[in-house]
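Chemist: Dropping the sequence and predicted coords here.
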Number of protein chains: 2
Amino acid sequence: MKNPISNDKPRRNFIKKSAMGIGGISIGLPLTSALAADKYTQTKKLGVALVGLGNYATNQLAPALQETAHCYLAGIVTGTKSKEKVWMDKHNIPKKNVYNYDNFEEIANNKDIDIIYVVLPNSMHAEYSIKAAKAGKHVICEKPMAVSVEECEAMIKACKENKVKLSIGYRLHFDPYHKEIIKLSKEGSFGKVTYVSSQFGFTIGDPTQWRLKKALAGGGALMDVGIYCIQAARYAYGEEPIALQAQEFRSGSEKFREVDETVSWQMEFPDGKISNSTTSYAFGTNHLVVTAQKARAVIMPAYSYNGLGGIFNNEKLEFPRINQQALQMDDFAKNVVANTESKISGEEGLKDMKVLEAIYKSLASGGKRVTI
Amino acid sequence: MKNPISNDKPRRNFIKKSAMGIGGISIGLPLTSALAADKYTQTKKLGVALVGLGNYATNQLAPALQETAHCYLAGIVTGTKSKEKVWMDKHNIPKKNVYNYDNFEEIANNKDIDIIYVVLPNSMHAEYSIKAAKAGKHVICEKPMAVSVEECEAMIKACKENKVKLSIGYRLHFDPYHKEIIKLSKEGSFGKVTYVSSQFGFTIGDPTQWRLKKALAGGGALMDVGIYCIQAARYAYGEEPIALQAQEFRSGSEKFREVDETVSWQMEFPDGKISNSTTSYAFGTNHLVVTAQKARAVIMPAYSYNGLGGIFNNEKLEFPRINQQALQMDDFAKNVVANTESKISGEEGLKDMKVLEAIYKSLASGGKRVTI
């Protein structure tokens, strides 16, 4: 399969050098410098095409691509004709880089596009990620990776076969508050992590949206935002859950006829450690509490795009503003150039999907313990 | 039955006036002033006798009684002969105010003792609270109130019949961090409380202690510290739970042969609201997170005697140091003098006991939903 990066030696080399040169610095650079660097290297950045121009693409990813140093918004794929001109004008996208779902496969021939970011409803993640891989493009797929373990495995296989990289939209791995939790777990200077409580819910609005349709979303609150709690418990412990049990709560609202409304679940980790989480579409809650032998850390709000806060051992945690999605996409661009695996790889997405399936299995059994 | 306060008109009137006079101010008074006031009114304060001179009585209640304005440490009841002289010397307690478990009933004739504070192992709470009531003394009983709903009801009945007040050692109702949560719930200026996550556990030491013996403790982590999470969810919502389900986790350690080690439970409140909690003797965790429509609050640590901290809508919460137990005992002394009910009454303790019994019932059924 054609790999646009491999076929484009001069650019690849330049970016490789550039990426190595500024490496870790880019994250720490003041925004103005990062933007200045952007302008200078614009033509040398990797081109990203967004597939699906919904809220997240419009309000988070496109603006983030104004702050990236190693990639830029090069193209779009949309089924809504009226969006084409709006996006072309706003983001200076040439007509040749605009696709719809009928001519999507032709993107294989477009050298401007190095990375395809799939931002479609969950049930379409696998199909379009696999199409992107087959087109020889590197893939970022939004979370949840897909709607089943089987689909995740097919995506990983397709990316391997087509020698393209795969990454999942786990933006929080690049957020300084969450990096602090990962560091707490990895470094061990505050002893072992002994307990994780992670809760994320919000009051969902429009009852007609795809998130409430089983066929498009695959599941409800658990699939959409509960996944952040699974992720958080996994990276806070730095280990994988071995079993879990789950409980479901329903208000009876018609809105949640097809998908889960509120779910709690307890995961068991090695050596008797557990985590406890709740997710909901019926109420807001947004925090991550990690207890270690010599540390108490809370991030609250924990899962928002910005405005995160926290306490670490009674001291207020305060980090400078960053753009999670810009750092996430830049990191992947560097993975592509350096031919390294994303730390938020397909395998990482698959692990969460196995947990999600186990939770739904426990719910279906009335809360029985399920091994993972 | 003899009521030492009713029989002691002049003192009662003085205290009543004094209590009304300084009323709400005492809480806000700088410590030095409170201590000065203590010296001045020492002989007019209500006398407290501590029953059971273990760790909590020694390291928390006796020191707290040095900071109280409306009561003082007047007597002790102990089965350990060697403790008598130590306490008499340290706290200036006359021999006539020292009792053991053989002559405990004689305390009825001691006008120095107005309040009996039962700090014995849980399974002895009911017996000694009832004995205290029968002796015509007002009763403070440590939490958990007893080891069964039946015992709690008997305690309430005995106190009513003997016309004495009953209060449970829920010190956190007097802590400014928790008062903030109660205010958040009651005032509603930040909208309704929509979710409560409350977790409290610690790593228990000495495997021979009474807390690990079913016959003395009645239960394990849940009974001992999980009860704080039940309390917190109840006052954070300002409502009573209507159903719950619970899960148990065991490491297999011999230490926890007789009692519960780690328990999670989800309570259902009116209008579909839920809380989620974990308690443990196997690991530390100590926080309360309350989400309202327009507020996010975390207290962490939440359940300690001091050093509490928190965040309210991204602002760090910081209150001056207070002594929870001193405020708690002073409040009860004022209840006694004013003939008003304690806000942490026996009925309050009974409500938690009903929840505790429901949790154990759910655990016994393998996690089934239990209505309360």
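Modeler: Looks like it came in fine. Numbering: from 1, shown residues only, chains lettered A, B, ... in the order given.
Chemist: could you pull out the strands for the stretch 201-350 of chain A?
Modeler: Secondary structure of the stretch 201-350 of chain A, counting by DSSP state E, counting those that start in this stretch: strands at A:243-249, A:262-268, A:274-280, A:285-292, A:295-299, A:310-312, A:315-317.
Chemist: so can I have a markdown table of the ones you listed showing distance to residue B:213?
Modeler: Every residue, glycine included, has its C-beta placed from N, CA and C. As requested, the strands of the stretch 201-350 of chain A are exported to a markdown table (distance: least, CB to CB, whole Å):
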| stretch | distance to residue B:213 |
| --- | --- |
| strand A:243-249 | 29 |
| strand A:262-268 | 27 |
| strand A:274-280 | 25 |
| strand A:285-292 | 27 |
| strand A:295-299 | 30 |
| strand A:310-312 | 36 |
| strand A:315-317 | 39 |
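Chemist: could those strands go into a markdown table alongside mean pLDDT and distance to chain B?
Modeler: Written out in a markdown table, the entries for the strands of the stretch 201-350 of chain A read as follows (pLDDT from 0 to 100; distance: least, CB to the nearest CB, whole Å):
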| stretch | mean pLDDT | distance to chain B |
| --- | --- | --- |
| strand A:243-249 | 98 | 5 |
| strand A:262-268 | 98 | 5 |
| strand A:274-280 | 98 | 5 |
| strand A:285-292 | 97 | 4 |
| strand A:295-299 | 97 | 5 |
| strand A:310-312 | 94 | 6 |
| strand A:315-317 | 93 | 5 |
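Chemist: is it possible to export these to a markdown table including mean neighbour count?
Modeler: Below are the strands of the stretch 201-350 of chain A laid out as a markdown table (neighbours: other CB atoms under 10 Å in any protein chain shown):
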| stretch | mean neighbour count |
| --- | --- |
| strand A:243-249 | 22 |
| strand A:262-268 | 26 |
| strand A:274-280 | 27 |
| strand A:285-292 | 26 |
| strand A:295-299 | 22 |
| strand A:310-312 | 22 |
| strand A:315-317 | 14 |
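Chemist: Residue B:313: which of these is closest?
Modeler: strand A:285-292 (12.1 Å; CB to CB).
Chemist: What is the three-state secondary structure of the residue in the stretch 1-150 of chain A that chain B sits nearest to?
Modeler: Nearest to chain B in the stretch 1-150 of chain A, going by CB to the nearest CB, is residue A:60, at a distance of 20.9 Å. Under DSSP: H, G, I helix; E, B strand; the rest coil, residue A:60 falls in the helix class.
Chemist: what's the closest non-adjacent residue to it?
Modeler: Counting by CB to CB, 6 or more residues apart in numbering or on different chains, residue A:325 is the residue found nearest to residue A:60 once chain neighbours are left out, at 5.4 Å.
Chemist: ok, the one you found to residue B:364 distance?
Modeler: Noted for residue A:325: a distance of 48 Å to residue B:364, by CB to CB, to the nearest Å.
Chemist: got it, and residue A:65?
Modeler: From residue A:65 across to residue B:364, the span is 56 Å (CB to CB).
Chemist: Who has more neighbours out of the two?
Modeler: Looking at residue A:65 and residue B:364 with other CB atoms under 10 Å in any protein chain shown, you find the greater number of neighbours at residue A:65, namely 24 against 12.
Chemist: Quick check: closest non-adjacent residue to that one.
Modeler: Once flanking residues are discounted, residue A:65 sits nearest to residue A:73: 4.1 Å by CB to CB, 6+ apart.
Chemist: just residue A:360 next, same as before
Modeler: residue A:219 (6.8 Å).
Chemist: Go ahead and confirm that neighbour touches residue A:258.
Modeler: No. Here residue A:219 lies out of contact with residue A:258, judged by CB atoms under 8 Å, at a distance of 9.3 Å.
Chemist: rewinding a little: how many neighbouring residues does the residue nearest to residue A:65 have?
Modeler: Applying other CB under 10 Å, we find 26 residues neighbouring residue A:73.
Chemist: What is the burial count for the residue nearest to residue A:360?
Modeler: 22.
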